[in-house]
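quick one, fold the following:
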Amino acid sequence: MWTLQPLNFRVSSYSHHQTTVAFRPSTTTSPSTLSTTNHNASIQSLCEKGQLKKALKLLSHEPNPTQHTYELLILSCADQRSLSDAFIVHRNLIDNGFDQDPFLATKLINMYYELDCIDRVRQVFDETLKKTIYVWNAFFRALSLWGHGEEVLGLYRRMNRIGIPSDRFTYTYVLKACVAAESLASLLQKGKEIHAHVLRHGYESHIHIMTTLVDMYARFGCVEDASSVFNEMPVKNVVSWSAMIACYAKNGKPLEALELFRALMLENCDTLPNSVTMVSVLQACASLAALEQGKLIHGYILRKGLDSILPVISALVTMYARCGDLELGQRVFSQMEKRDVVAWNSMISSYGIHGLGGKAIEVFKEMVSSGVSPSPISFVSVLGACSHSGLIEEGRYLFESMVKEHGITPTVEHYACMVDLLGRANQIDEAAKIIQDMRIEPGPKVWGSLLGSCRIHGNVELAERASKRLFELEPRNAGNYVLLADIYAEAEMWNEVKRVKKLVEARGLQKVSGCCWIEVERKIYSLTSVEEFNPQIEQIHALLIKLFMEMKEKGYVPETKVVLYDLEADEKERIVLGHSEKLAVAFGLIHNCKGETIRITKNLRLCEDCHSFTKFISKFAGREILVRDVNRFHHFKNGVCSCAEYW
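I've put the predicted structure just below:
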């Protein structure tokens, strides 16, 4: 065993994220223990040159390896992804009496994490008797990154009980642990408790901890909490700004994401957006179909040289496609020198939302033939594309090949795609059988796909079965109740409609209001079905009534079955005329230049009457109108829609 000598200071990194000042014993040895030839310097030099095998050969001839020698050997094993060599180094380390060195324990934990050897990570932690905060942190980091969040939180409680104080890295890892587990909802409260610990111990000025808090609240969808933490941060860096922009972009607040990005650009500091920031900003543009804004962002990306970063280019492909300019998305994709699976998935899903299922399958096959292995998301994208285009046999084949040829176990998302594919094609019994034969719990996505199909084809019996499960799984989701009420209304089962409405009222649920976004001269405008604050609302309504009357004379018949009330026909017509899609179309006709394409995004599924109305408008007003609803794109031109009535 080595003996305690006067302390040396040494700065070393025990992980990719933490740099610590470690107090470690001097590695000098007394003259009586020195071998005739000291190989430590040579071993260290070989490790630094990446010659691990040669270093290990020399190690067998060195009777007194130093702590620094073992440190470099451990790092080399991780760098070269060699588990067999890691075992050799670890065994030698134990034989030389370093098994209780907490500094090397952190290195071993990080090494075994890099080598995906969780059992050895646990073993090193359990067998280290003197667990410093650095050992705890290394273990927390490994478990969090592996997704064992609940275990981290249990160990964190144990650490607090035995009186080991947390440092800024501890808080970062345990906050990450809160979102690194399957039972997310139950861990939100734990995250709030850790937030309280952070404040109580005076860590609110630590930018890394506060940024992690923003990210944690964002993952739970707690936008207001994330915003509150962000606004109270005394100092912000690009990571902080990016985390908050991402929070807005991923939680249904794209307008706020773009506003915050503008605020970042106006900041009088050296903080400039990076590739992570730009991905979130592009996602916000895509959510709003803000094509002109997206083009400006693309220009910024080119000026700053971010166009070589794969996630940014993939986000650009998706942005252009979701803004309705599939051709520009294709051009960006074709100019990519290197494509990873994310880039291919972006192009596949882009064709899918435009209803070009055949083209999506072509790109999928091209990806496989180019040597890129499809991911589970690849199959979600291509199966979704099949669903939008009614490609049943192709979808069945792809689902089978996913398992047999690519070894991917179907997830809830894949089953939901298959149920949607069959259900849309009115093969609802087969869709129901898929759910019955599933080896995993169907969950709300699968049952929701079945209920949506029942809505399209008016299958009351299966709708009741699906909604019963959905009410149990998602008791607070008003959309499921609305869908069931729609189905009852179409079947003219008005007593059942009233029963569902009473159920909604009793549970205090609120239906999501229809909302549309439209971009005019690089500004985003939102219009809701209960529009009160738009100063031009009277002009919009006047135009709508004029168009409505003229189109009725030319054969347009309002489809009032979407109204969930047993009312007179005139009253139903008045209600459907106020839908947000129609308001957005009228707004676009008023403000867009003649001949310019009108682009609209909607937060819900396009209703049958708005679909029929927009077809008529496209011919009547001689305009091309693009509407992206929650499912797909509808290209209206000359009275025809690209969906061919299949949506």
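
using the three-state scheme, assign I524.
strand (DSSP: H, G, I helix; E, B strand; the rest coil).

could you give the bridge partners of it?
Listed by DSSP bridges, the beta-bridge partners for I524 are E519.

so it versus E256, what's the distance?
Separation of I524 from E256 (Cβ to Cβ, to the nearest Å): 11 Å. Placement of C-beta: from N, CA and C, glycine included.

ok, now Q100?
Distance from Q100 to E256, by Cβ to Cβ: 52 Å.

which of the two has more neighbours?
Looking at Q100 and E256 with other Cβ atoms under 10 Å, you find the greater number of neighbours at E256, namely 18 against 13.

and the more buried one, what helix or strand is that in?
Applying DSSP states H and E as the criterion places E256 in helix 254-266.

try S349
helix 341-353.

by contact count, what packs against the helix or strand following that helix?
Following helix 341-353 in sequence order, the next helix or strand is helix 357-369 (DSSP H and E). Helices and strands touching helix 357-369, as assessed by 3 or more Cβ pairs under 8 Å, 6 or more residues apart in numbering; DSSP states H and E, comprise helix 341-353, helix 376-389, helix 392-404.

state the distance from A246 to R219.
10 Å.

what does I540 give?
Counting by Cβ to Cβ, the gap from I540 to R219 is 39 Å.

so where is the chain shaky, pLDDT-wise?
Along the chain, segments meeting pLDDT under 70 span 1-37, 181-186, 268-269, 530-535, 562, 564-566.

nearest the geometric middle of it, what residue?
Ranked by distance to the mean C-alpha position of the chain (Cα atoms, centre = their mean), the top residue is K250 at 6.9 Å.

ok, for it, nearest residue in space, not its chain neighbours?
What sits nearest to K250 in space, not counting adjacent residues and going by Cβ to Cβ, 6 or more residues apart in numbering, is A218, at 6.7 Å.

tally of neighbours for that neighbour?
25.

and if you look at E259?
So E259, with other Cβ under 10 Å, has 15 neighbours.

how about the one 4 residues further on?
Here the count is done by other Cβ under 10 Å, and A263 has 12 residues near it.

measure the residue nearest to K250 to I297 for me?
21 Å.

for G149, same thing?
Distance from G149 to I297, by Cβ to Cβ: 34 Å.

with E568 instead?
E568 sits 49 Å away from I297, going by Cβ to Cβ.

what sits against G294?
Applying Cβ atoms under 8 Å, 6 or more residues apart in numbering, we find G294 in contact with 282, 285-286, 319-320, 323.

reformat the residues you listed as CSV; add neighbour count and distance to T66.
Output for those, formatted as CSV (neighbours: other Cβ atoms under 10 Å; distance: Cβ to Cβ, whole Å):
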residue, neighbour count, distance to T66
L282, 28, 50
C285, 32, 55
A286, 23, 55
M319, 31, 54
Y320, 27, 57
C323, 27, 60
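
how far away from the center of its chain is stretch 546-560?
42 Å (Cα atoms, centre = their mean, to the nearest Å).

list the buried ones in that stretch?
547-548, 551, 556, 558-560 (16 or more other Cβ atoms under 10 Å).

can you check stretch 246-257 too?
Buried, per 16+ other Cβ under 10 Å, within stretch 246-257: 246-251, 253-257.

ditto for stretch 67-84
Buried residues in stretch 67-84 (16+ other Cβ under 10 Å): 67-78, 82.

convert stretch 191-208 to PDB, retaining C-alpha atoms only.
In PDB, the C-alpha atoms belonging to stretch 191-208 read as follows (Å, rounded to 0.1, in the frame of the first residue of the first chain):
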ATOM      1  CA  GLY A 191     -37.500  18.000  -8.800                       C
ATOM      2  CA  LYS A 192     -39.300  20.800  -6.900                       C
ATOM      3  CA  GLU A 193     -37.900  19.500  -3.700                       C
ATOM      4  CA  ILE A 194     -34.400  19.600  -5.100                       C
ATOM      5  CA  HIS A 195     -35.100  23.100  -6.400                       C
ATOM      6  CA  ALA A 196     -35.900  24.100  -2.800                       C
ATOM      7  CA  HIS A 197     -32.600  22.500  -1.700                       C
ATOM      8  CA  VAL A 198     -30.700  24.500  -4.200                       C
ATOM      9  CA  LEU A 199     -32.200  27.800  -3.000                       C
ATOM     10  CA  ARG A 200     -31.800  26.800   0.700                       C
ATOM     11  CA  HIS A 201     -28.100  26.100   0.200                       C
ATOM     12  CA  GLY A 202     -27.400  29.300  -1.800                       C
ATOM     13  CA  TYR A 203     -26.700  27.800  -5.200                       C
ATOM     14  CA  GLU A 204     -29.200  30.000  -7.100                       C
ATOM     15  CA  SER A 205     -26.400  32.000  -8.700                       C
ATOM     16  CA  HIS A 206     -24.800  28.900 -10.200                       C
ATOM     17  CA  ILE A 207     -25.600  29.200 -13.900                       C
ATOM     18  CA  HIS A 208     -25.200  25.500 -14.700                       C
END
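
and for L391, nearest residue in space, chain neighbours not counted?
G357 (4.7 Å).

the one you found touches E393, doesn't it?
No - with contact defined as Cβ atoms under 8 Å, G357 does not reach E393; the gap is 11.6 Å.

what about these two, which has more around it?
G357 (23 against 8).

which residues touch that one?
Each residue near G357 by Cβ under 8 Å, 6+ apart is listed here: 351, 385-391, 394.

inside strands: which ones of the contacts of G294?
Within these, no residue falls in strands by DSSP state E.

out of those residues, who's nearest I209?
I209 lies nearest to L282 out of these, by Cβ to Cβ, at 28.0 Å.

so the closest one is in contact with T318, correct?
Yes - if you go by Cβ under 8 Å, L282 and T318 touch, sitting 7.4 Å apart.

quick one, domains of the chain?
As assigned by automatic domain parsing, the chain contains the domains 419-506, 515-641.

what's the closest of those to S205?
domain 515-641 (35.5 Å).

mind checking the end-to-end distance for that closest one?
Using Cα to Cα, to the nearest Å, the gap from the first to the last residue of domain 515-641 comes to 21 Å.

what does stretch 124-139 give?
9 Å.

what's in contact with it?
By Cβ under 8 Å, 6+ apart, stretch 124-139 touches 14-15, 18, 20, 22, 99-100, 102-103, 105-106, 108-110, 112, 121, 155, 159, 164-167, 169-170, 173.

for stretch 433-449, same thing?
Residues contacting stretch 433-449 (Cβ under 8 Å, 6+ apart): 411-413, 415-420, 422-423, 431, 450, 466, 469-470, 473-474, 477, 480.

mind running it again at 6 Å?
The list of residues contacting stretch 433-449 from outside it, by Cβ atoms under 6 Å, 6 or more residues apart in numbering, reads 412, 415-416, 418-420, 466, 469-470, 473-474.

helix or strand: which one has I301?
Assigned by DSSP H and E, I301 falls in helix 291-303.

in that helix, which residues are buried?
For helix 291-303, by 16+ other Cβ under 10 Å, it's 291-295, 297-298, 301.

how many neighbours does the nearest residue in space to K359 that is not next to it in sequence have?
Nearest non-adjacent residue to K359, counting by Cβ to Cβ, 6+ apart: Y351, 4.5 Å away. Number of residues near Y351 (other Cβ under 10 Å) recorded here: 26.

contacting residues around Y351?
Shown in contact with Y351 (Cβ under 6 Å, 6+ apart): 359-360, 385.

again, only this time at 10 Å
321, 326, 329-330, 357-364, 381-382, 385, 388-389 (Cβ atoms under 10 Å, 6 or more residues apart in numbering).

equivalent analysis for A321, please.
Contacts of A321 (Cβ under 10 Å, 6+ apart): 286, 327-330, 332-333, 346-347, 349-354, 628, 633.

repeat the analysis, applying 6 Å as the threshold.
So A321 contacts 329, 350 (Cβ under 6 Å, 6+ apart).
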